[in-house]
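Q: Structure here, sequence nowhere to be found:
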Ligand SMILES: Cc1cc2nc3c(=O)[nH]c(=O)nc-3n(C[C@H](O)[C@H](O)[C@H](O)COP(=O)(O)O)c2cc1C
Ligand SMILES: O=C(O)C(=O)c1ccccc1
């Protein structure tokens, strides 16, 4: 049964008992509802962006400047949303973006998200800054499919250790995030003096790592906890990295690699020259460079530069099925969904994440079908006009 039929059934069955769906389907309402259950600090952390938040707004405005021109009488009775992305087959072109520190949203954090991803068949991308160790998340994800996102630490041995652990735990592709070697100027967090890591959230992969433990002289205990956190701060990111360093990744990872945070066509070309398999066009949801180009506006140039040589993925601002249609029409192979599933997690744990994933997929399937599109590879720029 398709995700759509599945979802409509569940709404219908709930309706029979005069019980309305417990969570909103509208992403804006979902965010508003999440604000009610989260602390001001946790909500500010997820909803907030860098500086004046102009780029976060621009991400959404860019979607609104494209309009779909639906086509009729195209026999869309049989729809197949499945795609192959970097060696992973997925039921629809939507992945779960890496989001760190998920236990600030729900005690089960990444474990709940891993279960929801497995239940829906979608691929999750686990952050290095997760609140649970990657082996525990892999166990929760079971037969599901998972990629690993590297925050590339200064200590090369630690980076190599992370990659070895990820491979052993069944993460099949590597996402390397380049745009966040340090957190940007984020007023909402600054004004609350809020940083989850300083409370020991988001460091599970570090504290559980043998290389990290060796560096601080043994396992993390109450006695050396502050020293461990300081070591984390000193090692989290490496601002000295250059394109030449990418050779290290190829040496330590034999699967597909995608660079996340690409916004310029020349950087995409350099990624291909360095032997990378994919790029993720992203401005980190406007959380890094305030005033940066809207992610959707950066997409066509990157696709033109490397679309025939690398897999181009997209995130930043994806909220609805029509957003996915637009990003795919502009050349993305798949998109990463981010904040909306964190809101689902905050509201109802695994069930909340499943709800969000099912909503986006059902909306996507309906929007495609009603636009005359049966399969993702039929989406081309011709279906869009500038509004
Ligand atoms: C709370 C939060 C934590 C995030 N943590 C990470 C992370 O650990 N690694 C990473 O590559 N991106 C991280 N991101 C960025 C997302 O992967 C994604 O690029 C961004 O959220 C897309 O913007 P959108 O949520 O507005 O669609 C984080 C985003 C949020 C909101
Ligand atoms: O907050 C973020 O955007 C982010 O990417 C991050 C970085 C380090 C730890 C947790 C999240």
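A: That came through, no problem. Everything quoted here is computed from the prediction, not taken from an experiment. Ligands and ions are numbered 1, 2, ... in the order given.
Q: I'd like the average pLDDT over stretch 133-153.
A: For stretch 133-153, the mean pLDDT works out to 98.
Q: neighbours around the nearest residue to residue 305 once chain neighbours are set aside, how many?
A: In this structure, residue 305 finds its nearest non-sequential neighbour in residue 265, 3.6 Å apart by Cβ to Cβ, 6 or more residues apart in numbering. No exception for glycine: its C-beta is placed from N, CA and C like everyone else's. A total of 16 residues lie near residue 265 under the criterion other Cβ atoms under 10 Å.
Q: Likewise for residue 248?
A: 15.
Q: pretty sure it contacts residue 157?
A: No: counting by Cβ atoms under 8 Å, residue 248 stays clear of residue 157, with 11.3 Å between them.
Q: still on that earlier bit, thinking the residue nearest to residue 305 is in contact with residue 304, fair?
A: Yes: if you go by Cβ under 8 Å, residue 265 and residue 304 touch, sitting 6.8 Å apart.
Q: Distance check, the residue nearest to the spatial centre of the chain against ligand 2.
A: Geometric centre of the chain, nearest residue: residue 97, 1.0 Å, by Cα atoms, centre = their mean. Distance, residue 97 to ligand 2, using Cβ to the nearest ligand atom, to the nearest Å: 10 Å.
Q: In this model residue 340 seems to touch that residue, though I could be wrong.
A: No: checked against Cβ under 8 Å, the pair residue 97 and residue 340 is beyond contact range at 9.8 Å.
Q: tally of neighbours for the closest residue to residue 270 other than its chain neighbours?
A: What sits nearest to residue 270 in space, not counting adjacent residues and going by Cβ to Cβ, 6+ apart, is residue 243, at 5.3 Å. For residue 243, the tally of surrounding residues (other Cβ under 10 Å) stands at 11.
Q: Next: the one 3 residues further on.
A: Around residue 246 there are 20 other residues, counting by other Cβ under 10 Å.
Q: need the contact list for it.
A: Applying Cβ atoms under 8 Å, 6 or more residues apart in numbering, we find residue 246 in contact with 271, 274, 275, 276.
Q: How about residue 371?
A: Applying Cβ under 8 Å, 6+ apart, the residues near residue 371 are 68, 69, 70, 71, 325, 383.
Q: Would you confirm that the second one contacts residue 383?
A: Yes: A contact is recorded between residue 69 and residue 383 when judged using Cβ under 8 Å, the distance being 6.0 Å.
Q: Report pLDDT for the residue nearest to the centre of the chain.
A: pLDDT, residue 97: 99.
Q: what residues are up against it?
A: Per Cβ under 8 Å, 6+ apart, neighbours of residue 97: 125, 315, 336, 337, 338.
Q: cool, and residue 211?
A: Here residue 211 is in contact with 155, 157, 158, 160, 161 (criterion: Cβ under 8 Å, 6+ apart).
Q: can you check residue 385 too?
A: Applying Cβ under 8 Å, 6+ apart, the residues near residue 385 are 66, 67, 69.
Q: got a pLDDT number for the last one?
A: To tie it back to what came earlier, the one meant is residue 69. 98.
Q: one step back: Serialize the contacts of residue 385 to CSV and add fields for neighbour count.
A: Listed next are the contacts of residue 385 as CSV, based on neighbours: other Cβ atoms under 10 Å:
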residue, neighbour count
66, 20
67, 13
69, 10
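Q: Looking at these, spot the one nearest ligand 2.
A: Nearest to ligand 2 among the contacts of residue 385, counting by Cβ to the nearest ligand atom, is residue 66 at 25.8 Å.
Q: Kindly list the main-chain dihedrals of that closest one?
A: phi -110, psi 140 (degrees, to the nearest 10).
Q: picking up where we left off before, quickly note the distance from the residue nearest to residue 305 to ligand 1.
A: 19 Å.
Q: So what's the residue count around the nearest residue to residue 386 once chain neighbours are set aside?
A: Using Cβ to Cβ, 6+ apart and skipping residues adjacent in sequence, the residue nearest residue 386 is residue 65, 6.2 Å away. By other Cβ under 10 Å, the residues close to residue 65 number 14.
Q: With residue 289 as the reference, measure out to residue 65.
A: 20 Å (Cβ to Cβ, to the nearest Å).
Q: same question, residue 21
A: 37 Å.
Q: Which residue of the two possesses the greater neighbour count?
A: The neighbour count for residue 21 versus residue 289, taken as other Cβ under 10 Å, is higher for residue 289 (17 against 12).
Q: Kindly indicate whether that one is helix, strand or coil.
A: Three-state call for residue 289 (DSSP: H, G, I helix; E, B strand; the rest coil): coil.
Q: Same check on the one 3 residues further on?
A: For residue 292, the secondary-structure state derived from three-state DSSP is coil.
Q: Thank you, goodbye.
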